[in-house]
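Novice: here's a sequence, model it:
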Amino acid sequence: MAQGRLGLLPQGEYVCALPGSADGSAWQEVEGRNFAITGASSYKAGNGSGTYLMEGKRITFTRGPMKGMRMMRVSSGMLQEVDRGGKLGRLRCHRAGPVSD
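Specialist: Numbers count the residues shown, from 1 in each chain. Next up, the predicted model:
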């Protein structure tokens, strides 16, 4: 069942991180989880490219190296991972800028 209107994420590079600690840095970037939204429903990750589906605020990566990963759009430039149980996880990805060549 659809969760809302179909949409597209803003194109650009997305950097993914976990919350840090009070005595260290605020965020810990997660190696190998960054990706770029490259066009209409398309993304590129370090080890390939694929497609995603955005229904309302829910994003599901449908093909490629991130297939099966689910995220929720929590603000205009911030996505948060959704776990298998449907709860928001700790991993957050923010749009860091335009797609680099």
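Novice: CA atoms for contacts and neighbours, from now on please.
Specialist: Fine.
Novice: and the residue located most distally from the centre of the chain, which of the three is it?
Specialist: Distance to the chain centre peaks in the chain at Asp23, reaching 27.0 Å (criterion: CA atoms, centre = their mean). Using DSSP: H, G, I helix; E, B strand; the rest coil, the structure places Asp23 in coil.
Novice: who's in contact with it?
Specialist: Counting by CA atoms under 8 Å, 6 or more residues apart in numbering, Asp23 makes contact with nothing.
Novice: distance from the chain centre to the lowest-mean-pLDDT helix or strand in the chain, please.
Specialist: Least confident helix or strand, the chain: strand 27-29 with a mean of 87, by mean pLDDT, DSSP states H and E. How far strand 27-29 lies from its chain's middle: 15 Å, per CA atoms, centre = their mean, to the nearest Å.
Novice: what packs against that strand?
Specialist: Counting contacts by 3 or more CA pairs under 8 Å, 6 or more residues apart in numbering; DSSP states H and E, strand 27-29 packs against strand 12-19.
Novice: about what we covered before: next one, pLDDT for the residue farthest from the centre of the chain please.
Specialist: pLDDT for Asp23: 80.
Novice: ditto for Met1
Specialist: 48.
Novice: quick one, what contacts the closest residue to Met78 other than its chain neighbours?
Specialist: Distances taken as CA to CA, 6 or more residues apart in numbering place His94 nearest to Met78, at 4.4 Å, with adjacent residues excluded. Contacts for His94 (CA under 8 Å, 6+ apart) come out as 14-16, 77-79.
Novice: phi, psi of Gly85?
Specialist: phi -80, psi 0 (degrees, to the nearest 10).
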